[in-house]
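>>> output the structure for:
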Amino acid sequence: VLGYGDSPPAEVVATAQTRVAFLDHILQELDMQRPVLVSPSMSGRFALPFLVAQGDQLSGFVPIAPVGTKDYTAEQYQRIQTPTLILYGDHDTGLGTQALQSLRHLPRHRVAVLPDAGHACYMDKPENFHRALLGFLRQLK
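A predicted model of the protein is given here:
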């Protein structure tokens, strides 16, 4: 994720507002119309501000134990109408369960917990992850 990990600091993504603008720019450049945003871990710093500010531009949202969920209130989450699949591994008792506590306030959510999977549940149990993701995508209109 730009500005995190080993990538150099990036002023263009220093605030939630600039991260929303950055992600919006990428979606426009790719000419994506109402995409489903999949957001594992650190990408929550981009995806969550975008969801709060422009969630109506998404067909769906799939947070996978994202960081930053505590930055928003239950009331902010309750206003978001984007269909959401909250996904995490049952061994991720840190970020997975913490994110669920906040994201459960999204009115159009469902939860998929992958058994015997940790924080990177998509790597630990890829078949289960893809089954849950594809099931969610199929039910979107």
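>>> part of a helix, is residue 113?
No: with DSSP: H, G, I helix; E, B strand; the rest coil as the criterion, residue 113 is assigned strand and is not in a helix.
>>> so what's it up against?
With contact set as Cβ atoms under 8 Å, 6 or more residues apart in numbering, residue 113 has these partners: 87, 88, 89, 90, 96. The way it works is simple: take the backbone N, C-alpha and C, and place the C-beta from them, glycine included.
>>> okay if I get these as TSV plus pLDDT, distance to residue 32 and neighbour count?
Output for the contacts of residue 113, formatted as TSV (pLDDT from 0 to 100; distance: Cβ to Cβ, whole Å; neighbours: other Cβ atoms under 10 Å):
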residue	pLDDT	distance to residue 32	neighbour count
87	96	21	28
88	96	25	28
89	96	28	25
90	96	32	15
96	91	27	23
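>>> and residue 93, how many residues sit next to it?
For residue 93, the count of nearby residues is 12 (other Cβ atoms under 10 Å).
>>> which ones among the contacts of residue 113 lie within strands?
Counted as lying in strands by DSSP state E, out of the contacts of residue 113, are 87, 88, 89.
>>> having no further points to raise, I will conclude here.
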